[in-house]
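# A predicted structure for the sequence below; I have some questions about it.
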Amino acid sequence: MHGLGDVRFFDRLAPLYDLAMPPADGEALAAGLAHGTRPIDRLLDVGGGSGRAAAALSGPDICVVDASREMLARARDRRGLSAAVGDAGRLPVRDASVDAITIVDAFHHLPDHDAAIDEAARVLAPGGVVVIREFDPTHPLGRGLAAAERAVGMASRFRAPSDLADRLADAGLDPRIVDRGFGYTVAGVKGKR
Ligand SMILES: C[S@@+](CC[C@H](N)C(=O)[O-])C[C@H]1O[C@@H](n2cnc3c(N)ncnc32)[C@H](O)[C@@H]1O
């Protein structure tokens with residue numbers, strides 16, 4: 001049984017979050033999304049919080065899904081984004097109904113990694129792509145970040161790029177490591193049937 005992980009932490013952090021964070025890397029996200037093989041009209045930003053990553057994307061109709069009501073209030077009220085309260089492990093959308101999913105700086109906070117990836121595979125339409133931006137715990141800065149998040153009481157679990165790519169493959173997605181470094185990007189493409 002999994003709880004909602006670090007969500008209470010983000011409920012408290014929400015008023016300060018956008019003041020503390022730099023803009024998301026829109027170029028890395030666009031490079032990941034380019035691996036999809038269908039037009040991207042509908043995108044879910046899972047663990048999308050205040051909409052920081054969604055704000056770095058242009059084009060698709062975006063819905064931010066997050067388990068923190070306080071983070072989502074920022075996405076909706078400050079950024080005018082469409083937003084839905086939901087758990088990454090039980091997405092509130094139908095099978096094969098979205099063209100792309102982004103999970104930015106959020107995957108390590110999710111309490112059930114397997115459920116989140118299986119849900120992404122379920123809701124993507126054939127040719128759709130999930131793009132995950134994460135931090136590499138084998139990189140020196142990644143080790144420092146993991147230690148810092150533990151020190152403030154977060155339940156973060158970081159995964160190396162190849163480990164995450166392997167899990168995407170287990171869920172039936174075609175994995176691609178888009179870029180590497182302290183921050184890295186992995187994409188998983190759903191095959192066309
Ligand atoms: C570091 S923030 C990242 C927010 C946003 N993606 C960004 O790049 O600014 C992590 C987010 O993951 C969300 N989160 C944690 N557990 C979750 C879950 N089980 N389902 C959905 N969102 C979750 C938190 O509420 C928080 O908004």
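Nice, I can see it. Keep in mind that what you see is a predicted model, and the values were worked out from it rather than measured.
# Which helix in this structure has the most residues?
Secondary structure of the chain per DSSP state H: the longest helix is helix 7-20.
# how far does the helix or strand that that helix is followed by sit from the chain's center?
Counting by DSSP states H and E, the next helix or strand C-terminal to helix 7-20 is helix 26-33. Relative to its chain's centre, helix 26-33 lies at 13 Å (C-alpha atoms, centre = their mean, to the nearest Å).
# Taking helix 26-33 as reference, get the angle to the helix or strand that comes right after helix 26-33.
The helix or strand immediately downstream of helix 26-33 is strand 42-46, counting by DSSP H and E. Angle, strand 42-46 to helix 26-33, by axes from the mean of the first three to the mean of the last three C-alpha atoms, to 10 degrees: 120 degrees.
# what packs against strand 42-46?
strand 61-66, strand 98-104, helix 113-123 (3 or more C-beta pairs under 8 Å, 6 or more residues apart in numbering; DSSP states H and E). The way it works is simple: take the backbone N, C-alpha and C, and place the C-beta from them, glycine included.
# Quick one: mean pLDDT over the first one.
Just to be clear, that refers to strand 61-66. For strand 61-66, mean pLDDT is 98.
# Ignoring the adjacent residues along the chain, who's closest to A169?
The shortest distance from A169 to any residue other than its chain neighbours is 5.0 Å, reached at P175 (C-beta to C-beta, 6 or more residues apart in numbering).
# that older thread, list the contacts of the longest helix of the chain.
Helix 7-20 is contacted from outside by 49-50, 52, 66-71, 73-74, 78, 109, 152-154, using C-beta atoms under 8 Å, 6 or more residues apart in numbering.
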